[in-house]
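Student: fold the stuff below for me.
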Amino acid sequence: MATAVEAAIAAGRIQRSFFRQHLAIDKKGPIDLVTAADIAVEQDFRQRIALRFPTHTVLGEEGVAAAEPPVSAFRWIVDPIDGTTNFAHGVALFCVSIALEVDGEIRLGVIYDPIADELFTAERGEGARLNGAPIHVSHAQTLIDALLVTGFPYDTEHRARQVRIFGALLERTRGVRRLGSAALDLSYVAAGRFDAFWEEHLHAWDIAAGSLLVAEAGGRVTDYRDQALEIFRGEILASNGRVHEAVRRVVVDPDSPG
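Tutor: Reported below is the predicted structural model:
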């Protein structure tokens, strides 16, 4: 955890040094961006892990090792900037997300928002914290009292269904937000700011740390079938637990009567 926190704070310094500056921006897809800051943060993280834990592997969004199978029981999963599109446009909603997987189980998660200076941390079985203070999910009991958050896939072909779900839940809840950072969305569910988050077509680095945060803050995390979360399937529903099934029913069938 000490290494993860140190790396997250260092990542935040790098992000701030690039933020709202003239950035080198490339495209990984029609609307999927990568910046020089993403590369710099991940390189710094990989160097730290190689120095501290040379036998550990790293699964990173921008690294060439992303598609390789783990060769160690210890694997770090990192998103150097979750919310790259926000970052590239000068919108102050982004973070670094770091998780440690041990024998296939996520054991710790760290998410740091350098603009708000908010450090979210969780260790399996030890609860979740924000800047050192314990956090817990919300107490909303019904959809009409719930504030939800989601995102939309970079693959524009899959957006139509998500728009239908968004609209259906917008009619049934206090509101639905779209921040542009799945890791922050999950952090905010853990902190009780949102009552539920759902999204699909995500990558492991988007949700590995955040899913642990929600679980350790007393929430519930599953896939759309109400099965245990598999971070490599890219489908997640995370909530305070109380509104979980109500949200899930709409996500599965947005055209069902309210």
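Student: pLDDT of stretch 117-135, averaged?
Tutor: Per-residue pLDDT over stretch 117-135 has a mean of 98.
Student: neighbouring contacts of it?
Tutor: For stretch 117-135, the external contacting residues (Cβ atoms under 8 Å, 6 or more residues apart in numbering) are 1, 4-5, 8-9, 105-113, 136, 187, 190-192, 209, 212-217. The C-beta positions use only the backbone N, C-alpha and C, and glycine is treated the same way.
Student: do that again at 7 Å, thanks
Tutor: 1, 5, 8, 107-112, 187, 190-192, 212-213, 216-217 (Cβ atoms under 7 Å, 6 or more residues apart in numbering).
Student: can you pull the domain assignment for this protein?
Tutor: Domain ranges of the chain: 2-134, 143-252, per automatic domain parsing.
Student: can you get me the start-to-end distance on the shortest one?
Tutor: Domain 143-252 has an end-to-end distance of 16 Å (criterion: Cα to Cα, to the nearest Å).
Student: quick one: distance of that domain to the chain centre.
Tutor: 10 Å (Cα atoms, centre = their mean, to the nearest Å).
Student: just want the most central residue of the protein.
Tutor: The chain has residue 183 as the residue nearest its centroid, 2.2 Å off, counting by Cα atoms, centre = their mean.
Student: weakest of the domains of the chain in terms of mean pLDDT?
Tutor: The minimum mean pLDDT among the domains of the chain belongs to domain 2-134 (a mean of 90).
Student: what are the ranges of the helices in the protein?
Tutor: Remark: helices assigned in the chain by DSSP state H are 2-18, 36-52, 84-88, 159-172, 182-190, 204-216, 244-252.
Student: out of these, deepest packed?
Tutor: helix 182-190 (a mean of 30; mean count of other Cβ atoms under 10 Å).
Student: which residues sit against that helix?
Tutor: With Cβ under 7 Å, 6+ apart as the test, helix 182-190 has contacts from 79, 82-83, 93, 95, 97, 111, 113, 120, 128, 135, 137, 149, 151, 179, 194, 196-197, 199, 202, 206-207, 209-211, 213-214, 217, 219, 238-239.
Student: before we move on, back to that, mind checking the helices of the chain for the one nearest to residue 224?
Tutor: helix 244-252 (5.6 Å; Cβ to Cβ).
Student: which other helices and strands contact the closest one?
Tutor: Using 3 or more Cβ pairs under 7 Å, 6 or more residues apart in numbering; DSSP states H and E, the elements in contact with helix 244-252 are helix 159-172, strand 196-199, strand 236-239.
Student: just want the angle from it to helix 159-172.
Tutor: Helix 244-252 runs at 140 degrees relative to helix 159-172, counting by axes from the mean of the first three to the mean of the last three Cα atoms, to 10 degrees.
Student: many thanks, have a good one.
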